[in-house]
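Visitor: Sequence and computational prediction follow.
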Amino acid sequence: MFFHIVLERNMQLHPRYFGRNLRENLVSKLMKDVEGTCSGRHGFVVAITGIENIGKGLIRDGTGFVTFPVKYQCVVFRPFKGEILEAVVTMVNKMGFFAEAGPVQIFVSNHLIPDDMEFQSGDMPNYTTSDGSVKIQKDCEVRLKIIGTRVDATEIFCIGTIKDDFLGVINDPATA
Amino acid sequence: MFYGFHPFFYSYGKGRKLRNCLFFRFFAFCGFYSYTFFLQSVPSMSGEEEENAAELKIGDEFLKAKCLMNCEVALILEHKYEQLQQMSDDPMNQVSQVFEKSLQYVKRFSRYKNPDAVRQVREILSRYQLAEFELCVLGNLCPETVEEAIAMVPSIKTKGRAHDDEAIEKMLNDLSLIKKFE
């Protein structure tokens, strides 16, 4: 799920950026530093949408760098255990399939795919029901439930399931 | 290997007590530390174990934060992308991979394209005393039946909340109307 939250960060700025454009420099450095990063706690920072306030700078001893506490609003993507969302299938193999929901990768193991779906190898590997009516392959859109997240300092990785009511393929580009 | 050359290591063989041997002390020390690490890791593990969006346990910080539906994110990111486009010729070069992937994702999964429709969806859903998170899941997935809605947002039916099937049905009807007249 995407959220709009306020975060705070201490920005260190080199003295060469001081002057009329200090604020702009600070903001552009913040965007460069923060956008695209991921923390286990807040998820992926997708985009900064505004600056709430920039506190008083503090000169660091010895270096001349100045630290500014900056409060900014941003759009983050944070997956939660138990959340249901839609994702695009990116890779299918006999162990299961990988799907992507925005910046996050989700793995669905073959134990968490309904039992009536069988793996079919070939140049377009897929999972198909015995009557062939439902097919999961690359670029399919699926609705899945996140049942586990592995969070480390710089990445979030999820495990999902489609073995539940109202989960599974939403549409298939090959048949649509 | 490293301790093999240490004089204290050999002194163990010369009849000293095991307790005074550096080798032993080193391991006792390590053991003690791994034990304290284990103790520290327990509370954080249980904190993570409790996270469950189906019961609306997503942490205070996110529960109070503003949730965004995919269509709203699409509006925000597209606006930002246009701004970047005006500043430079090749905006795709400037944005992060996270931004690019998110933009593609929300474009693909936006139910409502029209900004007015997006506003209406939020307005209608906010009449039903939903948490932000529930509101956005419903707005994103657009369930068609009451059972589907409950399967998508189980917390909607938990005790102490005034959502009977009729109220949910009415809500879903309102949503589908917006889609129809968009």
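Guide: Looks like it came in fine. Numbering: from 1, shown residues only, chains lettered A, B, ... in the order given.

Visitor: Skip ahead from the helix or strand residue A:142 falls within and say which helix or strand is next.
Guide: Using DSSP states H and E, residue A:142 sits in strand A:141-152. Sequence-wise, the next helix or strand downstream of strand A:141-152 (DSSP H and E) is strand A:155-161.

Visitor: what pLDDT does residue 176 get?
Guide: No chain was given, so I picked chain A. On pLDDT, residue A:176 comes in at 50.

Visitor: Wait, chain B was what I had in mind.
Guide: Predicted confidence (pLDDT) for residue B:176: 91.

Visitor: ok, back up a step: what packs against the strand holding residue A:142?
Guide: For strand A:141-152, the packing partners by 3 or more Cβ pairs under 8 Å, 6 or more residues apart in numbering or on different chains; DSSP states H and E come out as strand A:84-93, strand A:104-109, strand A:155-161, strand A:168-171. Where C-beta positions appear, they are placed from N, C-alpha and C, glycine not excepted.

Visitor: Apply 10 Å and report the result again.
Guide: Secondary-structure packing of strand A:141-152 (3 or more Cβ pairs under 10 Å, 6 or more residues apart in numbering or on different chains; DSSP states H and E): strand A:38-39, strand A:84-93, strand A:96-101, strand A:104-109, strand A:155-161, strand A:168-171, helix B:146-152.

Visitor: Quick check: mean pLDDT of the first one?
Guide: So the one you mean is strand A:38-39. Regarding strand A:38-39, the rounded mean pLDDT is 92.

Visitor: for the longest one, same thing?
Guide: Across strand A:84-93, pLDDT averages out at 96.

Visitor: residues of that strand that come out buried?
Guide: A:84, A:85, A:86, A:87, A:88, A:89, A:92 (16 or more other Cβ atoms under 10 Å in any protein chain shown).

Visitor: residues near the residue lying closest to residue B:169 once chain neighbours are set aside, how many?
Guide: In space, residue B:169 comes closest to residue B:146 once its chain neighbours are excluded; the distance is 5.4 Å by Cβ to Cβ, 6 or more residues apart in numbering or on different chains. Residue B:146: 19 surrounding residues under other Cβ atoms under 10 Å in any protein chain shown.

Visitor: Residue B:146 and residue B:110: what is the separation?
Guide: Taking Cβ to Cβ, to the nearest Å as the criterion, residue B:146 is separated from residue B:110 by 24 Å.

Visitor: Next: residue B:134.
Guide: Using Cβ to Cβ, we find residue B:134 at a distance of 19 Å from residue B:110.

Visitor: neighbour-wise, which of the two wins?
Guide: A count of neighbours by other Cβ under 10 Å puts residue B:134 above the other of residue B:134 and residue B:110, at 23 against 17.

Visitor: which residues touch the residue nearest to residue B:169?
Guide: By Cβ atoms under 10 Å, 6 or more residues apart in numbering or on different chains, the contact set of residue B:146 is B:156, B:157, B:163, B:164, B:165, B:166, B:167, B:168, B:169, B:171, B:172.

Visitor: swap the cut-off to 6 Å and go again
Guide: Counting by Cβ atoms under 6 Å, 6 or more residues apart in numbering or on different chains, residue B:146 touches B:165, B:168, B:169.

Visitor: Check what pLDDT the last one gets.
Guide: The predicted local distance difference test score for residue B:169 is 93.

Visitor: Secondary structure element holding the residue in chain A that chain B sits nearest to?
Guide: Nearest residue of chain A to chain B: residue A:36, at 2.7 Å (Cβ to the nearest Cβ). Under the criterion of DSSP H and E, residue A:36 resides outside all helices and strands.

Visitor: quick one, what contacts it?
Guide: Residues in contact with residue A:36, defined by Cβ under 6 Å, 6+ apart, are B:96, B:98.

Visitor: Phi first, then psi, for it.
Guide: Backbone torsions of residue A:36, given as degrees, to the nearest 10, read phi 90, psi -10.

Visitor: Can you report how many residues lie near residue A:79?
Guide: Neighbour count for residue A:79, taken as other Cβ under 10 Å: 22.

Visitor: separation between it and residue A:150?
Guide: 11 Å.

Visitor: for residue A:5, same thing?
Guide: Using Cβ to Cβ, one obtains 22 Å as the distance from residue A:5 to residue A:150.

Visitor: Kindly report the same for residue A:49.
Guide: 28 Å.

Visitor: And these two? Which one has more around it.
Guide: Neighbour count, other Cβ under 10 Å: between residue A:49 and residue A:150, residue A:49 has more, with 14 against 11.

Visitor: so what's that one closest to, chain neighbours aside?
Guide: Of all residues beyond its chain neighbours, the one nearest residue A:49 is residue A:73 (5.0 Å), with distances taken as Cβ to Cβ, 6+ apart.

Visitor: Do a quick rundown of the helices in chain B.
Guide: With DSSP state H applied, chain B shows helices at B:7-13, B:22-49, B:60-64, B:70-87, B:91-94, B:97-108, B:115-125, B:132-141, B:146-152, B:165-181, listed in chain order.
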